[in-house]
Structure formats: structure tokens, C-alpha cells
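Student: no sequence on this one, just coordinates:
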DNA sequence: GATGAATGAGTGTTCATTCAT
DNA sequence: TATGAATGAACACTCATTCAT
């Protein structure tokens, strides 16, 4: 359906050019539809953008939820979190970029869907990591380390990796293993 | 001089709203000058942006160069790299954000000053880190680890930290120490 | 259609005020449309101007082509050329003015549609006149005269007449007859 | 003096690009002065333009006045009028172009110096030619012809020649002779 | 005479959006 | 669903002009 052509094209363009750098005409042309059709399916450019963000976060959260499965060690849980992001980057590079790195301009508005979803995501991951680290330390699996700071740091780490990969600033293979091993050495006793 | 008001205002606005999300009228108003004055001092919006980017990178590179001083251990050199970035974030948050995270849209043009400077920066840091890690491993200071992948990873790490701090996604104190200790545990034997 | 209102208005304004002296806003207002509509139908002010020039020349060339009909004498052919121009001036004064007298500024660019069409027009008429004069001299209809110089001179004559009439510098009746008789006395044996 | 550099440059630019197509900045740059200097010497762009027009017409009228010398025949007087224009074209091509072909846009204002001077020029030449032709016919030197129409026609002729020569649409030598002979054959008995 | 800095009023152009069909 | 035609508001940028020095 043409609606999905619009979404697909818009996602790609928003991710590569930013929200303000993308025009509705460009979306229409590249999706091979006319501009008014965008307004038939969406209330406007903002609505289209928010729809994409919401969609992206939904897929993303679905995957996040699936992390809460049994694993033998805490580090395996952290490793899975990295794996999830590396996989998502490969499969839906534009979406993850928008989801994690979305329009700085939008983040000025605390009530914007971007800000709220990003906040939710950060809180979710933070809580996930905090639990892992705390339990890891308690069980003696992990070395001693400041919990909150390590959590924040790992969040920055993840977002930096996503940015780099989606901007194709590097394409080194073996990155995932390097990242995981780096963390393992640092964390696991 | 009013020229510097323009630069200062533009730097702030470009960093918080992006290039496309910032209008010349807005820059003029917030800098308390008239729009044509921007065009008196710069050739256009692009020129103003590039001027800021070039300025930012110049200050940044000057600091980077100063890293090549004697230090007793390789890890100290890496620690200094982190310190430099944390300091720069504090002093000139907008500039470092623009310098490290600049306009994704601009990076599509390989010849753009953004792309070229960013490339130079990444190469400089990569080379700096590679040398540290190689020598650290050779001297037995560091554990064994894949050099290139670790370098790329650390680059992502730095960019992630900058993004997070300038977007004020967190403001935890003790971050720097946590980051350095995290890396130390992972790397130093 | 409003597109034709734009063309009509623009033709009139370009002819009376010149290209640079006419603003798109003025065209829009006098055509009773909004400015962006000009940009919906044309790529820009230049495109609109070129469209008019091309249209004008097309109508003009169509008439020129129709000159190649049988006539008993060579002078009749020359007379017809004058008649054609006097008629065109009456019917489409703005267009002929733009076509023959178009924007001196545009003529600096050899590749501009104005320059090329004007060149084509001059060559067409020159060739037409050269043939007439040569044959007229050969057949004894015409007095002896330098062919090329006379051709150039007649071209200047035509362009001068057009300029004068469209600028309404005079409105004397009987001009056409006077011109034709002037030439006849000079040329015909 | 720099004032004359301004005048010279402005004359050239107005003649080749038109009044509206020429900016004060361009004049300043090409005359190697700064913009405010133009405003020191002239009241504004319009004043500069009018100054040039007035200057041009003054030089032109001075020459026209000198035509009233004794000549044996009426046709010689007409020949001298052509010679004067051909000479002026060679010596001061920009000025004569501005003087004879000046800004159509300006001619909409009947009180503008352009309109008034042009009118004066046309009336002067018309009166000069009318007298010549009348006397020529009366004395039997000229063939019979309608006086007013021939006068208007010759005016158009002159303006067409000037336009052609200054736009360099042709560069044929022998033009002057051809023109004069063309007229002689037509007029002289 | 001469200039660097500055501006009010506009210029061509683009944008997201709407309307009639 | 889908579109050709149209628009209000804004955009980057330029212009002739002025002012302080």
C-alpha cells in the first residue's frame, strides 16, 4: 500500500536528513505519491514523524521486553542487551537511529512523543542494567563498581555505538565481540 | 563586536535546534542584530555554519595536540583523552556537540568541511588510541585485546558520552571516574 | 486558466519594465494570483521569462516561415517582410518587443535562449533578404548595391521600427507605406 | 579622480546590464571604490543615472548643434547626421546607447529626465530632417515623398543602427556608406 | 574625501498545508 | 483513495542607503 511507501520513505529521509531537512514534497516524490496523499493518511508532517517514532519504539520495546527471559548469569543478560541493539541496527538501521538519536530539536519539548519515549527507553534500560549489576555484584559475579554511574555510562556506550554504525562511520566486523569482551573484562570477576 | 554575538548565538542555536531548524532571523533576533548583518559578516547561513565548525575544530584540535606529552603509563594517556573531552564538554558544550555530533545531513557530502574535519578527528584519535593500546599490550601494561575493534569502540564511547552530556540526558557527578575506572578494569592488567 | 493570466501579465510587464524591473510579486498581483502559483507553474522567474521568449519566437517564426510563398517580384517579398512585422506589432506588441529587443543583459550569455533565438531570427531574415536582393539584382529588378551591407542595414531598420512603435514614440499612420516606398525608390530600378 | 571612475564604470554597467540589473555594490567594486563614496558624490543611484544621462545628452546635443553649418546640398546635411551618429557610436558607445535606447522602464514617467531629453532629441532631429527634406523637395534636389512619415522613419532607422552597433550584433565595415547610399538612391533625384 | 559597520524594505523562492474534484 | 491547483507564512538573501568615524 502507498501508505507504507510513505512511511518507509519518510523513515529513511528523516533518519538521513533530519526532520527539518526533509520536505513533504521530497517524501512524496521518493515514495512515488502526491503530496496530498500524505495528508490523507496523516494529519501532517509532524504526525507522520510521530507515527514513525511511535512505530519504531513499539518494535524496539517489544524486543526489549523479550529480554526478560531466564539466563544463567547477569553478564549474559547484559550481553543480550548489546546483541539486541546490534541486531536491530542491522535490520532496521533508520528506525533505531531515529529512536535513539532522534531530532535534538524535538527533545526541547518535554511533552513530545520523542522525549517521552526516549525517556521511557532510557529508564527501562537503566532499570534493567541496574538490576543486573546489583545482582551481579551481590552474587559475586561482578567486581565492585558504582551502580548508577556504570548504568549511565553503558547507556552512553550503546547510543554511541548506534550513532556510529548507522552513520556508517565504521563497519568493522567483530565489533560486537570486542564490545562484549571489553565489558566482560571490566565487569566480571 | 556584533560579529561575535552572531557567532555565539548561532553556535548555541545550531547545537540545540540543528542547522535546518535554525533560521537566520532567529539568529539575528537572539543576537540582537538585524538579519542583513549576518550577510555582511558571512557569505550566508552555510558560511556561518562552516565558520563555527572550523573554529570549533580548531580549538578542539589544539587541545588534542597538547595530549602528546610525556606520561608514565599508556593508560594515563587514555585517561587524559577522556579528561580532555569531559573538560571540553563543560567549557564549550555547544561547540563540542557540533564538532562531534554535527549535522548528519551535512555528512552526506564527502567534501563538506564537517565530513572532512570529523574524519580528521576520528583518524587522529584512532591513531592516538591505537598507539597507546599497542604499546600497552607490548609492554605488558594492558591485557590482550583486538586493537582496531577496541579503538573503534572507544571512539563510539566518547561520542556517546558527549551526546548524552550535551543533551543533558543525565548530569550525574562521578561519571568521569566511573568511565575511567570501567576502562581501567577492562584494559589494565 | 490562471497559468495564462500569469503569462499574459508577465509578458506585458517584462516588455514595459524589463526583466529586472519586474518583480514576481507584481506579476502575481496584477495577474490576481498569489506568488507561489508562479512557482507551481514555472521553475522560477527566469523560467517564466524564457517560456515567454520561446513562445513569442515560436509564433514569430511560424509567421516568418509563411513568407516563402510565391510572389511575382523580389520587392514584393521584401514588402511582405515589412508587412509581417507591422502586423505583428499591432497584434502582439509586447511579444515582438521582447522578441526583437529582448533584455540586453541576457544577451551577454551566448547560450541563453534569448541570444540563440535572436541569432536564429537574424540569420533567417538575413538569408531571406540576401536571396531577394541577389536575385533582384541578377534579374535587373533591383539597382546595383552591396548585398551584405544592405541586408544588415535593413535588419537595423526593422528593429528600429519595432522599438519605436512598441514604445509608442510615434503613432503616425501611413508609416508602413512610407517605409515601403522609401525602400522601393532606393532599390527598384 | 574617483568620481570619474564611478561615472565611467556606472555608464558601462548601465549600458550593458540596464539600470535595474546593475547594483551600487557592483559599480563600487568595479570602480574600485567603496559604496558610500557613491553617496558622497551623488544623491543616490537614480541621481548617478540621471547625471550620466544628462552628461551624455549634453555631449550629444553639442554635436547636434554643430550640424547647422553651411553645406551645399540638403542630402549632405542628412549624410552628416548619419556620420555624426556613426562617429559617436565609435567614440562613446555606452553613452549613445543609454541616450538613444535608455531604460524603457524610465520612459513610463513623462517627467523623467530620460523621457524629456529623449523627447527633445527626437524633436530636434525631426525638425532638422523635416527642414532638410522640405527644402530638398522644394529645390528639386529630392524626389517627392511624405515629409513627416519619412522623418519618423529615418529616426527609427538611426535608433535601429545604434542598437545594432552597440550590441555588436554586426560589425560589418562599409555600413555607413551602404546606409548613406541607400538613402541617397531613395531620396535624391 | 573616504570607509567599515549597520539597516529597513524588499526579492525570489520554498514550505506545509488545503481545497475542489 | 488519489490528485492538480492553489495559498499563507516563512525563508535565505540582496538592495539602496545611512551613520559614525
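Tutor: All right, it came through fine. As the structure is a prediction and not an experimental result, all values here were calculated from the model. Numbers count the residues shown, from 1 in each chain, chains lettered A, B, ... in the order given.

Student: can the strand or helix carrying residue A:12 be found next to DNA strand E?
Tutor: Assigned by DSSP states H and E, residue A:12 falls within helix A:2-17. No: Helix A:2-17 stays clear of DNA strand E (C-beta under 7 Å from any atom of the strand), getting no nearer than 10.2 Å. (Each C-beta comes from the backbone N, C-alpha and C, glycine too.)

Student: what about that helix, near DNA strand F?
Tutor: Yes: counting by C-beta under 7 Å from any atom of the strand, DNA strand F is contacted by helix A:2-17 at A:2-3.

Student: Return the set of buried residues in that helix.
Tutor: Residues A:5-7, A:9-17 are the ones in helix A:2-17 that count as buried (16 or more other C-beta atoms under 10 Å in any protein chain shown).

Student: Could you do stretch A:153-171 as well?
Tutor: Buried, per 16+ other C-beta under 10 Å, within stretch A:153-171: A:153-167, A:169-170.

Student: Just the ones of those in strands?
Tutor: Judged by DSSP state E, these include no members of strands.

Student: Which of those fall in helices?
Tutor: A:153-166 (DSSP state H).

Student: Could you point out which of these is nearest to residue D:136?
Tutor: residue A:166 (89.3 Å; C-beta to C-beta).

Student: Closest to residue C:115 out of the buried residues of helix A:2-17?
Tutor: residue A:17 (38.4 Å).

Student: what's the distance between the closest residue to that closest one other than its chain neighbours and residue A:103?
Tutor: The shortest distance from residue A:17 to any non-neighbouring residue, by C-beta to C-beta, 6 or more residues apart in numbering or on different chains, is to residue B:105 (4.7 Å). In this view, residue B:105 and residue A:103 are 12 Å apart by C-beta to C-beta, to the nearest Å.

Student: any idea which helix or strand comes after the helix or strand bottoming out on mean pLDDT in chain A?
Tutor: Scoring the helices and strands of chain A by mean pLDDT, DSSP states H and E places helix A:93-101 at the bottom, with a mean of 84. Later in the chain than helix A:93-101, the nearest helix or strand by DSSP H and E is helix A:113-139.

Student: Enumerate the residues of chain A near DNA strand F.
Tutor: Residues of chain A lying near DNA strand F (C-beta under 7 Å from any atom of the strand): A:1-3, A:33-37, A:40.

Student: Just the buried subset of those, written out for ChimeraX, thanks.
Tutor: Restricted to buried positions by 16+ other C-beta under 10 Å, the ChimeraX selection for the residues of chain A next to DNA strand F reads:
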select /A:33
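
Student: now stretch A:10-22: mean pLDDT?
Tutor: The average of the pLDDT scores along stretch A:10-22 is 93.

Student: possible to save the ones in helices among the buried residues of stretch A:153-171 as a markdown table with distance to residue C:63 and pLDDT?
Tutor: A markdown table is the format used below for these (distance: C-beta to C-beta, whole Å; pLDDT from 0 to 100):
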| residue | distance to residue C:63 | pLDDT |
| --- | --- | --- |
| A:153 | 81 | 90 |
| A:154 | 80 | 92 |
| A:155 | 76 | 91 |
| A:156 | 75 | 90 |
| A:157 | 77 | 90 |
| A:158 | 74 | 91 |
| A:159 | 70 | 89 |
| A:160 | 71 | 89 |
| A:161 | 71 | 88 |
| A:162 | 68 | 86 |
| A:163 | 66 | 84 |
| A:164 | 67 | 82 |
| A:165 | 66 | 74 |
| A:166 | 62 | 72 |
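
Student: Stretch A:146-155 close to chain B?
Tutor: Yes: judged by C-beta under 8 Å from any C-beta of the partner chain, stretch A:146-155 and chain B are in contact via A:146, A:148-150, A:152-153, A:155.

Student: which residues touch residue A:19?
Tutor: By C-beta atoms under 8 Å, 6 or more residues apart in numbering or on different chains, residue A:19 lies in contact with A:45, A:49, A:103, A:105-106, B:21.

Student: This completes my enquiry, with thanks.
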